[in-house]
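[1] Next comes the sequence, and after it the predicted model I'd like to discuss.
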Amino acid sequence: MAPMKEDDPPLMARARRDAALGGDPVAPARRDAPGESALAQAESDDGLVARMADGDTEALAELYRRHGRAAYSLAVAITGDGAAAEEVVQDAFVRAWRGAGAFEAQGRCLPWLLQIVRRLALDERRRRRRELDTVAWPQEDLVDDGHQPEAAAEERDVAVRVRRAISSLTPEQREAVRFVYFGGLSQSEAARALNIPLGTAKGRLRAAYEHLRSQLEAERP
Amino acid sequence: MSGQDRCPDEETVALYALDALSPREREGIEAHLGACLACRARLARARAVGDALLVSAPRVEPPPDLEARILAEVRGERLRRGGGRMRWWAAVAAAVLVGANGWQAWRLATAQRQLAKAQALRREAWAEGRLAAELSGGERVRLRGTAAARDASATVRIVRQGNERIVLLTARGLPAVHAPEVYHLWLLHDGRRLSGGTFTVGSGGRGAMAARIPADVAFQAMGVTLEPSAATVRPLGPKVLAAELSS
Ligand SMILES: [Zn+2]
């Protein structure tokens, strides 16, 4: 395996940084110094989390304005239920607020937040004993996403690339990823649900992972 | 599966990336990372794949008031932690009003509405049962719409502050009210119904209120009725929300 450069920013970190620079229209413009570049003015997500740790609720509000939509979208995809997703997102941001002091995922704020959302959404699914076919994502036919003009260009770009990678999985691989990562099943539960041997389930997950990784890494500009 | 001193195989790394490992297998890997630089890089790349999947969900717009609800909860919590120089209800009111930002529906019911003034009413079948957990501090109770308001739902959070508790209710999907109608939250304690406060709703049938109750009073049930005015001291109108009993 090729060694990873230490300074090689993960996909999401780049997306987050670029999204911040791209000026999400929902976020309030900070233009108190006219002429200064957006680069100098955009506060990093890490900076927001540091302010949250100091009890600054405005930093939390800003974090929500940047990433609330991504959080809500993920929660809806996993729970399949808008009202449940609202609860999940509210809980997730409250937990992020409480956990800000212990934040160690520098440069990975959005993944950190979305993993909180994912775990809470999976808990909610288990609580409601939702059927697996309510997991709406990932599906092959949802690759095109022309209806998200508000998302910052780079974030949208990452989402499109990830979807393209997902759509190039085999249906069996995609289903395995869906059951495990967005449905919260263990490998053996997924094998049972798919009615295949455990070794086959592991093989599909591994093949899916290898494929996604090579696609995502190959597409980096 | 690797122990602490053996590098995990590629399959295990893949399962790690997709969160398909048992907690024990996961811990084994993470223990190994402390000693193995190469695996730290492998696992970072694996994690990046899982992370990337999270942004791929189809975009859905959250409701416009979600930000205000999050801020209201966080500000209520900070207040509780800090213990107040301000009277709690003034601070909640300020936090809510500052945070509301266009969310007109917030109505703070009245801390002045002392429970002492609330009428204790006769025991009746209205309660529907006992809440599984005694509501003592930090809990969250879901209320479900009744037949009179099938689309309605609400969450009640109860947070302790000193020897009082703050009840924060957020509701949605309630039918519109026409002044002087209000929604009224009732708490059932030992067969006595106590007033939790009143609120109205704005767009989307959203409404909210805060009230305080003594810390040592255990409630077995709660519900919301639509009342002809804020002056009623016992429910006259239809019940629209009832506590969702957890088994
Ligand atoms: Zn190793």
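    Good, I have the coordinates. Numbers count the residues shown, from 1 in each chain, chains lettered A, B, ... in the order given.
[2] now for the longest helix seen in chain A, which elements pack on it?
    If you go by DSSP state H, chain A has its longest helix at helix A:57-79. Secondary-structure packing of helix A:57-79 (3 or more C-beta pairs under 8 Å, 6 or more residues apart in numbering or on different chains; DSSP states H and E): helix A:45-53, helix A:82-99, helix A:109-128, helix B:66-82. (Glycine included, C-beta is placed from N, CA and C.)
[3] tilt between it and helix A:109-128?
    Here the directions of helix A:57-79 and helix A:109-128 differ by 50 degrees (axes from the mean of the first three to the mean of the last three C-alpha atoms, to 10 degrees).
[4] what mean pLDDT would you report for helix A:57-79?
    Mean pLDDT, helix A:57-79: 94.
[5] Give me the angle between it and helix A:45-53.
    Counting by the same axes, to 10 degrees, helix A:57-79 lies at 110 degrees to helix A:45-53.
[6] how about the helices and strands packed on helix A:57-79, which one is nearest residue B:19?
    Residue B:19 sits nearest to helix A:109-128 of all the helices and strands packed on helix A:57-79, at 8.4 Å, using C-beta to C-beta.
[7] Just name whatever secondary elements the helix or strand residue B:27 falls within is in contact with.
    Following DSSP states H and E, one finds residue B:27 within helix B:23-33. When contacts are defined as 3+ C-beta pairs under 8 Å, 6+ apart, helix B:23-33 packs onto helix B:10-17, helix B:37-54.
[8] Any chance you could give me it in PDB, C-alpha atoms only?
    In PDB, the C-alpha atoms belonging to helix B:23-33 read as follows (Å, rounded to 0.1, in the frame of the first residue of the first chain):
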ATOM      1  CA  PRO B  23     -16.600  -3.200  19.500                       C
ATOM      2  CA  ARG B  24     -14.000  -5.700  20.600                       C
ATOM      3  CA  GLU B  25     -12.400  -6.100  17.200                       C
ATOM      4  CA  ARG B  26     -12.500  -2.300  16.900                       C
ATOM      5  CA  GLU B  27     -10.700  -1.900  20.200                       C
ATOM      6  CA  GLY B  28      -8.100  -4.400  19.100                       C
ATOM      7  CA  ILE B  29      -7.300  -2.400  16.000                       C
ATOM      8  CA  GLU B  30      -7.200   0.900  17.800                       C
ATOM      9  CA  ALA B  31      -4.900  -0.500  20.400                       C
ATOM     10  CA  HIS B  32      -2.600  -1.600  17.600                       C
ATOM     11  CA  LEU B  33      -2.500   1.900  16.100                       C
END
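[9] how about that helix: buried residues?
    For helix B:23-33, the neighbour count (16 or more other C-beta atoms under 10 Å in any protein chain shown) marks B:25, B:28, B:29, B:32, B:33 as buried.
[10] Spell out whether stretch B:51-62 and chain A are in contact.
    Yes - Stretch B:51-62 is in contact with chain A by C-beta under 8 Å from any C-beta of the partner chain, via B:51, B:52, B:53, B:54, B:55, B:56, B:57, B:58, B:59, B:60, B:61, B:62.
[11] quick one on the thing from earlier: do the helix holding residue B:27 and the ion come into contact?
    No - using C-beta under 5 Å from the ion, helix B:23-33 stays clear of the ion, with a minimum separation of 5.7 Å.
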